[in-house]
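Novice: below are the sequence and a predicted model; questions follow.
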Amino acid sequence: MTELKRAHNFNAGPAGLPLEALLKAQVELLDYQGTGMSVMEISHRSKEFENIINEAEADLRELLGIPANYSVLFLQGGASLQFSMIPMNLRPAGASADYIITGAWSKKAVQEAQKLGVTHIAADTKESNYNRLPPKLDLDSKAAYLYYCSNETIHGVEFLNEPQPPDGVPLICDGSSDFVSRPLDVTKYAYLYAGVQKNVGPAGVVIGIIRDDMLERVPANMPVMLDYKLQATEKSLYNTPPCFAIYMVGLVLKWIKKLGGLTAIEARNKAKADLLYQTIDQSGGFFKGHAQVEARSRMNVTFRLPNEELEATFVSEAKKLNMIGLKGHRSVGGLRASIYNAVELSDVETLVQFMQEFQKKYG
Ligand SMILES: Cc1ncc(COP(=O)(O)O)c(C=O)c1O
């Protein structure tokens, strides 16, 4: 048998999955628990799948401490569909909603919200090329909700603390790229959602955690597949869900629990990010971080080299050493190392060693 050669995977999403979860899926691929079928081949109405989705929800509730007055939804259409579903479901006709723009993803959410109704920009950090958190917010105390993105995957800017909405204004968060990477207080959110393909599974599912009183806002004429209330009532099984992706989410959540839960995963993620930022900061300006220090993402480390030619050389030399996904997003350029939950400290150590050698050679 040839030796298994896994990549040092710094992809921004879909991203690496824990080896343990992949191996478990491999073992169960042809015969899931004595059914003689894979999870891809069983009915979404079967007892086996019911157990899979219920257990994934129970593990998520335990890890995040989700209170009983919140529903957990497994949705389709990618995180991008949430940009439309949120205003359609949760912004009453004629009401205005507040949005904070800190990068490409919150900007896209605003563009969809604007098509559908009144949208107020509470802050926009465009003038600093999305490298920081907003110094102040222009908040509307009557807003239908305050929306923000906790981690801007492309720019590498992360809120480690939630923005504070005015009393009574529900907080809504796109947590796609830092979901279950650290503990958080779910009760601060009226709706928190995440595409799972970065920290907790493969592409194909969005997890939504919604406070039940928000479901009362859903208009009666909502198309079924876009209706949060219906998805909650039907326990995400109104139609055929992405069964295999949900199964993989379940396996990743079990892996996080085994590691010690969100406090343990946060310590692991922080150690990786600290090592990488330290290497950038100690390079004497050869590597330049994009985000300001207090806004630095622990998930997506964005940085630049003195010129684009060197950046291209960096990406291609890294690839030869089996380090994948280091090119920055096409809209921003530069370099980006995404170091989600499944990335091991040893992967980051390998990258850091390469960065130091690269600087010696080209610096
Ligand atoms: C923060 C954030 N929000 C939303 C999205 C859109 O996700 P999807 O491709 O699942 O629609 C992404 C994708 O990378 C993202 O990083």
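Specialist: Great, that's in hand.

Novice: what number of residues lie near the residue of the stretch 251-363 of the chain found nearest the ligand?
Specialist: Distance from the ligand to each residue of the stretch 251-363 of the chain (Cβ to the nearest ligand atom) is smallest for Asn300, at 8.4 Å. (Each C-beta comes from the backbone N, C-alpha and C, glycine too.) Residues lying near Asn300 (other Cβ atoms under 10 Å) number 31.

Novice: dump the residue contacts of the closest residue to it other than its chain neighbours.
Specialist: What sits nearest to Asn300 in space, not counting adjacent residues and going by Cβ to Cβ, 6 or more residues apart in numbering, is Gly156, at 4.3 Å. Gly156 is in contact with His290, Ala291, Arg296, Ser297, Met299, Asn300, Val301, Thr302, Arg336, counting by Cβ atoms under 8 Å, 6 or more residues apart in numbering.

Novice: kindly recompute the last result at 7 Å.
Specialist: Gly156 makes contacts with His290, Ala291, Arg296, Ser297, Asn300, Val301, Thr302, Arg336, as judged by Cβ atoms under 7 Å, 6 or more residues apart in numbering.

Novice: quick one: low-confidence parts of the stretch 51-200 of the chain?
Specialist: For the stretch 51-200 of the chain, no stretch has pLDDT under 70.

Novice: enumerate the residues of it near the ligand.
Specialist: Gly78, Ala79, Ser80, Trp105, Cys149, Thr153, Asp174, Ser176, Ser177, Gly195 (Cβ under 6 Å from any ligand atom).

Novice: spit out the contact partners of the closest residue to Tyr189 other than its chain neighbours.
Specialist: Ranked by Cβ to Cβ, 6+ apart and with sequence neighbours excluded, the top spatial neighbour of Tyr189 is Leu171, at 5.3 Å. Leu171 makes contact with Leu146, Glu162, Pro165, Lys188, Tyr189, Ala190, according to Cβ under 7 Å, 6+ apart.

Novice: likewise for Pro163?
Specialist: Listed by Cβ under 7 Å, 6+ apart, the contact set of Pro163 reads Ile100, Leu137, Leu146, Tyr148.

Novice: most surrounded residue in the contacts of Leu171?
Specialist: Leu146 (25 neighbours).

Novice: next one: that one from the ligand, what distance?
Specialist: Using Cβ to the nearest ligand atom, to the nearest Å, we find Leu146 at a distance of 17 Å from the ligand.

Novice: beta partners of that residue?
Specialist: Asp98, Leu171 (DSSP bridges).

Novice: which residues of the stretch 201-350 of the chain lie near the ligand?
Specialist: On the criterion Cβ under 6 Å from any ligand atom, the ligand has no neighbours in the stretch 201-350 of the chain.

Novice: ranges for the strands of the stretch 201-350 of the chain?
Specialist: Assigned by DSSP state E, counting those that start in this stretch, the stretch 201-350 of the chain shows strands spanning 206-211, 288-289, 300-304, 323-324, 335-338.

Novice: contacts for stretch 110-122, please.
Specialist: Stretch 110-122 has contacts (Cβ under 7 Å, 6+ apart) with 83-84, 87-88, 91, 95-101, 137-140, 143, 146.

Novice: number of nearby residues for the closest residue to the ligand within the chain?
Specialist: Of all residues in the chain, Gly78 sits closest to the ligand, at 2.8 Å by Cβ to the nearest ligand atom. Residue crowding around Gly78 was assessed by other Cβ under 10 Å; the count is 15.

Novice: can you map out the helices along the stretch 201-350 of the chain?
Specialist: Per DSSP state H, counting those that start in this stretch, the stretch 201-350 of the chain carries helices over the ranges 228-233, 243-259, 261-281, 308-320, 345-362.

Novice: dump the ones you listed to TSV, plus mean neighbour count, distance to Asn9 and mean pLDDT.
Specialist: Formatted as TSV, these follow (neighbours: other Cβ atoms under 10 Å; distance: least, Cβ to Cβ, whole Å; pLDDT from 0 to 100):
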stretch	mean neighbour count	distance to Asn9	mean pLDDT
helix 228-233	19	32	98
helix 243-259	21	14	98
helix 261-281	17	13	98
helix 308-320	15	12	97
helix 345-362	16	7	98
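
Novice: what residues does the closest residue to Asp59 other than its chain neighbours make contact with?
Specialist: Once flanking residues are discounted, Asp59 sits nearest to Leu253: 4.1 Å by Cβ to Cβ, 6+ apart. Counting by Cβ under 7 Å, 6+ apart, Leu253 touches Ala56, Asp59, Leu60, Leu63, Val200.
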